[in-house]
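Trainee: Mind folding the following:
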Amino acid sequence: MQSIPRDVATFAGLRQAMTRITVDTTGRGTQDITSRVDQWLTQAGAADGLLTVFIRHTSASLVVTENTDPDVRHDLVDALDRLAPVNMPYRHDLEGLDDMPAHIKTALTSVSVAIPVVGGRMDFGTWQGLFVVEHRLRGHPRRLTLHYLGT
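Mentor: As a prediction, this is how the structure comes out:
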C-alpha cells in the first residue's frame, strides 16, 4: 500500500492537499480504508473542509457503510452478486466471467465519495466507515486519489 504525497497548497485561506494511494485487495469483498485515510488527513494538516476520494477503476468501488458488524458488508456483497450474477450471458467478457458483473456492480455503487472533514477527521457517524469494494473474484492493486480542500 503505497502513498504518493502531493504538495499542500494554500489559496485564500484554504488548504489543498492531494495524494494517490494503492489498496491491494484480496478478491471479492470489502476492505476498510477509514484509518488509512484519516492518517493521511492528519499528515496533510487537515482541519475543517471536504475530502473527495476517487477510485480509478471500473471493477471496484467505494462505499460508506457499517463499520462494526462484518455481516453487513458480506450481505452487501451478496446482494450485489444477486443483482449482477456471474452466470449471465454477457457480451463483454474480455477479462473473464466476472468482468461484466464487476462493471455493473461499480455502476450501481460509486467510484467517488465526498466526505466532510471536521477537526481533521472524516465526519462519520458512530457506525460508519469508508470501504473499497472489490467486485472481481481475484485481488488487484486499486489506485485511489484523495483530495482535501479546507482549513
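Trainee: And the strands in this protein?
Mentor: 3-5, 9-11, 14-24, 29-32, 49-55, 60-66, 112-118, 121-122, 128-134, 141-150 (DSSP state E).
Trainee: Tabulate those strands (CSV), appending mean neighbour count and mean pLDDT.
Mentor: For every residue, glycine as well, the C-beta is placed using N, CA and C. Shown next, in CSV, are the strands of the chain (neighbours: other CB atoms under 10 Å; pLDDT from 0 to 100):
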stretch, mean neighbour count, mean pLDDT
strand 3-5, 13, 56
strand 9-11, 9, 63
strand 14-24, 16, 97
strand 29-32, 18, 98
strand 49-55, 19, 98
strand 60-66, 19, 98
strand 112-118, 15, 98
strand 121-122, 18, 98
strand 128-134, 22, 98
strand 141-150, 19, 98
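Trainee: TSV for those strands, including distance to Thr106?
Mentor: Listed next are the strands of the chain as TSV, based on distance: least, CB to CB, whole Å:
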stretch	distance to Thr106
strand 3-5	23
strand 9-11	31
strand 14-24	15
strand 29-32	14
strand 49-55	9
strand 60-66	5
strand 112-118	11
strand 121-122	22
strand 128-134	8
strand 141-150	11
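Trainee: Any idea which of those gets closest to Arg73?
Mentor: Distance to Arg73, taken as CB to CB, is lowest for strand 29-32 among the strands of the chain, at 4.3 Å.
Trainee: Could you spell out the sheet neighbours of the closest one, each with its direction?
Mentor: The strands beside strand 29-32 in its sheet (DSSP bridges) come out as strand 128-134 (antiparallel).
Trainee: Contact partners for the one residue sitting closest to the centre of the chain?
Mentor: Among the residues of the chain, the smallest C-alpha distance to the mean C-alpha position (CA atoms, centre = their mean) belongs to Leu62, namely 3.4 Å. By CB atoms under 8 Å, 6 or more residues apart in numbering, the contact set of Leu62 is Val53, Ile55, Thr109, Ser110, Val111, Ser112, Val113, Leu130, Phe131, Val132, Val133, Leu144.
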